[in-house]
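Q: Predicted model and sequence below, questions to follow.
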Amino acid sequence: MILTKEERYGQLALNKILSCVWLGEWDRYEGIFRNMDEELIKKFPFHSHYNLEEVKLWHENHFFIPGDYFVSPYFSSYIKKGFDQHEERKKDLLCLIGLYEKIGFLYPLEKEIYPDHFGCITAFLGSVVQESIKADAEKDEEYESKLNELNKKVIGRYIFPVLQVLRENAEPKIRHPFFKEFLNFYIQIMTEEMNEAG
């Protein structure tokens with residue numbers, strides 16, 4: 001599916017917002033919302049629950065500190081475990097790193113996080129969109145088409161297959177309304193992107 005220039009910029013902004021939340025980049029998050037139109041802000045149901053102090057604390061409880069409220073932010077945590085699956089997970093990580101290298105995406109190295117972190121994967125999708133905006137400006141239809149396929153492949157392989165398991169794991173653990181709404185929103189957006197791409 002080929003998107004208009006405006007849709008691409010919207011998708012880019014959306015990926016930035018989603019990756020900010022996953023990674024806990026609150027200064028960047030606040031900067032995005034500070035410059036956003038009030039009507040547009042209403043389209044992000046989790047934002048009405050945003051309180052920096054609370055969100056920082058619960059972000060750590062949910063995504064960093066193992067315990068009763070911990071929800072793993074890593075794709076590999078949601079695939080079956082076992083010897084064969086261990087090899088499969090390793091292969092998946094290497095493939096993901098290979099995809100990142102295709103467009104020079106160095107985010108995991110810069111942030112010192114594993115490449116299968118949902119925030120990292122989402123930031124990568126933003127980089128793919130950014131590259132497709134450049135390809136469109138340069139009238140490089142072949143590269144643009146490859147980028148669209150790459151976007152579809154990443155969502156289809158590294159996000160969509162684990163969304164239901166992520167939801168099931170998160171529902172009894174997520175306490176703060178910001179993160180409850182965020183996860184529902186993230187799952188909805190990624191499901192829509194998968195359906196539109198497929």
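A: Great, that's in hand. Residues are numbered from 1 along each chain as shown.

Q: going forward, measure contacts and count neighbours with C-alpha atoms only.
A: Fine.

Q: so how far is L52 from F44?
A: Distance from F44 to L52, counting by CA to CA, to the nearest Å: 16 Å.

Q: Ignore what I typed, I meant I155.
A: For I155, the distance to L52 - CA to CA - is 29 Å.

Q: These two: which is more packed in?
A: I155 (19 against 12; other CA atoms under 10 Å).

Q: Could you tell me which residues make contact with that one?
A: 190, 193-194 (CA atoms under 8 Å, 6 or more residues apart in numbering).

Q: If you count neighbours, what's buried in the strand or helix carrying V21?
A: For V21, the host element (DSSP states H and E) is helix 5-23. Using 16 or more other CA atoms under 10 Å as the test for burial, helix 5-23 gives 8-9, 11-12, 14-23.

Q: could you give the mean pLDDT of it?
A: The average pLDDT for helix 5-23 rounds to 92.

Q: Give me the contact list for that helix.
A: Contacts for helix 5-23 (CA under 8 Å, 6+ apart): 26, 28-29, 32, 73, 118-120, 122-123, 125-127, 129-130, 133, 186.

Q: tell me the angle the next helix-or-strand element following that helix makes with helix 5-23.
A: Next along the chain after helix 5-23, taking DSSP H and E as the criterion, comes helix 26-34. Between the axes of helix 26-34 and helix 5-23, defined by axes from the mean of the first three to the mean of the last three CA atoms, to 10 degrees, the angle is 140 degrees.

Q: Kindly export helix 26-34 (C-alpha atoms) in PDB.
A: Only the C-alpha atoms of helix 26-34 are listed here, as PDB (Å, rounded to 0.1, in the frame of the first residue of the first chain):
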ATOM      1  CA  TRP A  26       9.900  11.500  28.300                       C
ATOM      2  CA  ASP A  27      11.600  14.800  27.200                       C
ATOM      3  CA  ARG A  28      11.100  13.800  23.600                       C
ATOM      4  CA  TYR A  29       7.600  12.700  24.300                       C
ATOM      5  CA  GLU A  30       6.700  16.000  25.900                       C
ATOM      6  CA  GLY A  31       8.300  17.900  23.100                       C
ATOM      7  CA  ILE A  32       6.100  16.100  20.500                       C
ATOM      8  CA  PHE A  33       2.900  16.700  22.500                       C
ATOM      9  CA  ARG A  34       3.800  20.300  23.300                       C
END
